[in-house]
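Undergrad: Take this sequence and fold it.
(2 chains)
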Amino acid sequence: ETGVTQSPTHLIKTRGQQVTLRCSSQSGHNTVSWYQQALGQGPQFIFQYYREEENGRGNFPPRFSGLQFPNYSSELNVNALELDDSALYLCASSPRTGSSGANVLTFGAGSRLTVL
Amino acid sequence: AQSVTQLGSHVSVSEGALVLLRCNYSSSVPPYLFWYVQYPNQGLQLLLKYTSAATLVKGINGFEAEFKKSETSFHLTKPSAHMSDAAEYFCAVSQSGGYNKLIFGAGTRLAVHP
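TA: Below you'll find the predicted structure:
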(Lines give C-alpha, C1' and ligand atoms only; values in the text may rest on other atoms or scores of the structure.)
Protein backbone atom coordinates (compact mmCIF):
# COMPACT_ATOMS: atom_id res chain seq x y z
CA GLU A 1 0.00 0.00 0.00
CA THR A 2 1.20 3.50 -0.72
CA GLY A 3 1.82 5.85 2.17
CA VAL A 4 1.14 9.56 2.52
CA THR A 5 2.98 11.69 -0.01
CA GLN A 6 3.48 15.44 0.22
CA SER A 7 4.73 18.05 -2.22
CA PRO A 8 6.79 20.08 -2.48
CA THR A 9 9.38 18.86 0.01
CA HIS A 10 11.01 22.26 0.41
CA LEU A 11 10.06 25.75 -0.62
CA ILE A 12 11.04 29.32 0.09
CA LYS A 13 8.61 32.24 0.05
CA THR A 14 8.70 35.87 1.07
CA ARG A 15 6.45 37.66 3.53
CA GLY A 16 3.02 38.43 2.14
CA GLN A 17 3.07 35.70 -0.49
CA GLN A 18 0.70 32.76 -0.66
CA VAL A 19 1.59 29.07 -0.64
CA THR A 20 -0.20 25.83 -1.50
CA LEU A 21 0.96 22.49 -0.11
CA ARG A 22 -0.36 19.18 -1.41
CA CYS A 23 -1.00 15.80 0.15
CA SER A 24 -2.06 12.42 -1.17
CA SER A 25 -3.57 10.22 1.50
CA GLN A 26 -2.79 6.57 2.09
CA SER A 27 -4.89 4.12 0.14
CA GLY A 28 -8.12 3.34 2.03
CA HIS A 29 -7.96 6.46 4.21
CA ASN A 30 -10.71 9.06 3.93
CA THR A 31 -9.68 11.62 6.56
CA VAL A 32 -6.80 14.07 6.23
CA SER A 33 -5.27 16.23 8.95
CA TRP A 34 -2.64 18.96 8.73
CA TYR A 35 -0.10 19.83 11.40
CA GLN A 36 2.48 22.59 11.74
CA GLN A 37 5.80 21.69 13.34
CA ALA A 38 7.97 24.68 14.18
CA LEU A 39 11.66 24.08 14.77
CA GLY A 40 12.26 22.34 18.08
CA GLN A 41 8.58 21.88 18.84
CA GLY A 42 5.96 19.21 18.59
CA PRO A 43 3.41 19.24 15.78
CA GLN A 44 0.36 21.46 16.27
CA PHE A 45 -3.03 20.59 14.81
CA ILE A 46 -4.20 22.96 12.08
CA PHE A 47 -7.37 21.27 10.82
CA GLN A 48 -8.90 18.03 9.61
CA TYR A 49 -10.97 17.21 6.54
CA TYR A 50 -13.54 14.47 6.12
CA ARG A 51 -15.91 14.10 3.19
CA GLU A 52 -14.47 17.25 1.66
CA GLU A 53 -15.46 19.40 4.64
CA GLU A 54 -13.48 20.85 7.51
CA ASN A 55 -14.12 18.65 10.52
CA GLY A 56 -12.22 20.37 13.27
CA ARG A 57 -9.75 23.23 13.54
CA GLY A 58 -6.95 24.19 15.85
CA ASN A 59 -5.89 27.65 16.95
CA PHE A 60 -4.87 28.97 13.54
CA PRO A 61 -6.14 32.13 11.79
CA PRO A 62 -8.44 32.04 8.75
CA ARG A 63 -5.54 32.69 6.39
CA PHE A 64 -4.84 28.99 6.86
CA SER A 65 -7.37 27.17 4.71
CA GLY A 66 -7.69 23.80 3.09
CA LEU A 67 -9.45 21.58 0.63
CA GLN A 68 -10.13 17.91 0.35
CA PHE A 69 -10.89 16.38 -3.03
CA PRO A 70 -13.15 13.42 -3.93
CA ASN A 71 -10.10 11.15 -4.11
CA TYR A 72 -9.31 12.19 -0.48
CA SER A 73 -6.19 14.13 -1.42
CA SER A 74 -5.87 17.54 0.20
CA GLU A 75 -4.34 20.98 -0.05
CA LEU A 76 -3.23 23.43 2.60
CA ASN A 77 -3.25 27.07 1.59
CA VAL A 78 -1.64 29.85 3.58
CA ASN A 79 -2.21 33.46 2.58
CA ALA A 80 -0.28 36.57 3.59
CA LEU A 81 2.71 34.59 4.79
CA GLU A 82 4.45 35.73 7.96
CA LEU A 83 7.95 34.92 9.17
CA ASP A 84 6.48 32.75 11.96
CA ASP A 85 4.86 30.52 9.34
CA SER A 86 8.29 29.00 8.68
CA ALA A 87 7.87 25.38 9.73
CA LEU A 88 7.53 21.78 8.64
CA TYR A 89 3.96 21.13 7.54
CA LEU A 90 2.85 17.57 8.05
CA CYS A 91 -0.09 15.88 6.45
CA ALA A 92 -1.60 12.78 8.03
CA SER A 93 -4.33 10.48 6.83
CA SER A 94 -6.47 8.03 8.75
CA PRO A 95 -9.49 5.81 8.31
CA ARG A 96 -12.77 7.10 9.69
CA THR A 97 -14.23 4.52 12.00
CA GLY A 98 -16.46 4.55 15.04
CA SER A 99 -13.99 5.55 17.73
CA SER A 100 -12.15 8.23 15.84
CA GLY A 101 -9.85 9.23 18.65
CA ALA A 102 -8.15 5.84 18.59
CA ASN A 103 -7.42 5.86 14.91
CA VAL A 104 -3.77 5.88 14.01
CA LEU A 105 -2.57 8.73 11.84
CA THR A 106 -0.16 7.92 9.03
CA PHE A 107 2.12 10.89 8.43
CA GLY A 108 3.88 12.08 5.33
CA ALA A 109 7.47 13.32 5.35
CA GLY A 110 6.32 16.93 5.34
CA SER A 111 6.83 20.13 3.39
CA ARG A 112 9.43 22.47 4.83
CA LEU A 113 8.43 26.09 4.31
CA THR A 114 10.85 28.94 4.82
CA VAL A 115 9.46 32.47 4.83
CA LEU A 116 12.00 35.27 4.31
CA ALA B 1 -8.23 20.80 28.00
CA GLN B 2 -5.79 18.08 27.15
CA SER B 3 -2.04 18.52 27.30
CA VAL B 4 1.16 16.51 27.22
CA THR B 5 4.43 17.18 29.01
CA GLN B 6 7.62 15.42 28.04
CA LEU B 7 10.29 15.73 30.69
CA GLY B 8 13.72 16.21 29.21
CA SER B 9 14.16 17.69 25.76
CA HIS B 10 17.40 15.72 25.31
CA VAL B 11 18.29 12.28 26.63
CA SER B 12 21.64 10.59 26.03
CA VAL B 13 22.32 6.91 26.67
CA SER B 14 25.03 4.42 25.90
CA GLU B 15 24.41 1.65 23.41
CA GLY B 16 22.93 -1.29 25.30
CA ALA B 17 21.63 0.85 28.16
CA LEU B 18 18.02 1.27 29.24
CA VAL B 19 16.03 3.93 27.43
CA LEU B 20 13.42 5.82 29.48
CA LEU B 21 11.52 8.72 27.93
CA ARG B 22 8.98 10.40 30.17
CA CYS B 23 5.50 11.55 29.28
CA ASN B 24 2.77 12.95 31.51
CA TYR B 25 -0.64 13.85 30.23
CA SER B 26 -3.62 15.86 31.33
CA SER B 27 -7.09 14.87 30.23
CA SER B 28 -10.55 15.21 31.74
CA VAL B 29 -11.81 12.16 29.86
CA PRO B 30 -10.27 8.74 29.25
CA PRO B 31 -7.44 9.38 26.84
CA TYR B 32 -5.91 7.58 23.96
CA LEU B 33 -2.12 7.87 24.14
CA PHE B 34 0.48 7.48 21.45
CA TRP B 35 4.22 7.50 20.99
CA TYR B 36 5.60 8.53 17.63
CA VAL B 37 9.22 8.61 16.44
CA GLN B 38 10.65 11.06 13.91
CA TYR B 39 13.92 10.38 12.12
CA PRO B 40 15.71 13.26 10.39
CA ASN B 41 13.92 14.52 7.29
CA GLN B 42 11.10 12.07 7.77
CA GLY B 43 7.53 12.17 9.00
CA LEU B 44 6.28 10.67 12.23
CA GLN B 45 6.06 6.91 12.61
CA LEU B 46 3.83 5.25 15.18
CA LEU B 47 5.69 3.27 17.86
CA LEU B 48 2.71 2.23 19.96
CA LYS B 49 -0.68 3.33 21.25
CA TYR B 50 -2.82 2.88 24.35
CA THR B 51 -6.58 2.60 23.85
CA SER B 52 -7.85 1.39 27.26
CA ALA B 53 -7.04 -2.28 26.81
CA ALA B 54 -3.87 -3.59 28.48
CA THR B 55 -1.98 -0.95 30.47
CA LEU B 56 1.37 -2.29 29.27
CA VAL B 57 1.63 -1.68 25.56
CA LYS B 58 4.26 -3.25 23.34
CA GLY B 59 5.30 -1.49 20.18
CA ILE B 60 7.74 -1.82 17.35
CA ASN B 61 11.53 -2.02 17.61
CA GLY B 62 11.42 -3.38 21.17
CA PHE B 63 9.74 -0.33 22.73
CA GLU B 64 6.99 -0.52 25.30
CA ALA B 65 5.03 1.91 27.45
CA GLU B 66 2.96 1.58 30.59
CA PHE B 67 -0.21 3.57 31.20
CA LYS B 68 -0.46 4.64 34.84
CA LYS B 69 -3.70 6.47 35.51
CA SER B 70 -2.80 7.36 39.10
CA GLU B 71 0.38 9.08 37.91
CA THR B 72 -1.11 10.35 34.62
CA SER B 73 1.97 8.96 32.93
CA PHE B 74 2.78 7.00 29.80
CA HIS B 75 6.56 6.59 29.87
CA LEU B 76 8.36 4.89 26.96
CA THR B 77 11.05 2.31 27.65
CA LYS B 78 13.40 0.00 25.82
CA PRO B 79 15.66 -2.42 27.70
CA SER B 80 18.69 -2.02 25.44
CA ALA B 81 19.39 0.99 23.25
CA HIS B 82 20.66 0.60 19.72
CA MET B 83 22.43 3.22 17.65
CA SER B 84 19.49 3.20 15.24
CA ASP B 85 17.18 4.41 18.04
CA ALA B 86 18.66 7.91 17.84
CA ALA B 87 15.74 10.11 16.82
CA GLU B 88 13.11 12.51 18.15
CA TYR B 89 10.28 10.95 20.13
CA PHE B 90 6.86 12.50 20.61
CA CYS B 91 4.15 11.58 23.07
CA ALA B 92 0.59 12.51 22.04
CA VAL B 93 -2.93 12.35 23.43
CA SER B 94 -6.36 12.31 21.85
CA GLN B 95 -9.70 11.81 23.50
CA SER B 96 -12.20 9.01 23.09
CA GLY B 97 -15.19 9.84 20.95
CA GLY B 98 -13.50 12.77 19.35
CA TYR B 99 -12.09 13.23 15.92
CA ASN B 100 -8.44 12.53 15.22
CA LYS B 101 -6.93 15.60 16.85
CA LEU B 102 -3.61 14.71 18.41
CA ILE B 103 -2.02 16.96 21.00
CA PHE B 104 1.73 16.45 21.01
CA GLY B 105 4.38 17.07 23.57
CA ALA B 106 7.44 19.12 22.67
CA GLY B 107 9.47 16.01 21.97
CA THR B 108 12.56 14.33 23.39
CA ARG B 109 15.67 13.95 21.30
CA LEU B 110 17.38 10.64 22.05
CA ALA B 111 21.11 10.34 21.43
CA VAL B 112 22.80 6.94 21.61
CA HIS B 113 26.57 6.83 21.92
CA PRO B 114 28.90 3.86 21.60
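Undergrad: which SS state does A:L21 fall under?
TA: With DSSP: H, G, I helix; E, B strand; the rest coil as the basis, A:L21 sits in strand.
Undergrad: what's across from it in the sheet?
TA: A:L76 (DSSP bridges).
Undergrad: contacting residues for B:L102?
TA: B:L102 makes contact with A:33, A:35, A:43, A:45, A:105, B:34, B:92-94 under the criterion CB atoms under 8 Å, 6 or more residues apart in numbering or on different chains. For glycine as for every other residue, the C-beta is placed from the backbone atoms N, C-alpha and C.
Undergrad: try 10 Å
TA: Contacts for B:L102 (CB atoms under 10 Å, 6 or more residues apart in numbering or on different chains) come out as A:33, A:35, A:42-45, A:92, A:101, A:105, B:2, B:4, B:32, B:34, B:36, B:44, B:90, B:92-94.
Undergrad: for residue 42, what are its contacts?
TA: In the absence of a named chain, this looks at chain A. A:G42 neighbours (CB under 10 Å, 6+ apart): A:35, B:4, B:6, B:36, B:38, B:44, B:88, B:90-92, B:102-107.
Undergrad: ah, I was thinking of chain B
TA: A:107-110, B:87-88.
Undergrad: tell me which element it falls in.
TA: Per DSSP states H and E: B:Q42 is located in neither a helix nor a strand.
Undergrad: sorry, back to before: out of the contacts of A:G42, flag the one nearest to A:T2.
TA: B:L44 (17.3 Å; CB to CB).
Undergrad: And the pLDDT for the closest one?
TA: Listed pLDDT for B:L44 reads 93.
Undergrad: for A:G98, same thing?
TA: pLDDT at A:G98 comes out at 51.
Undergrad: likewise B:S27?
TA: B:S27 is given a pLDDT of 83.
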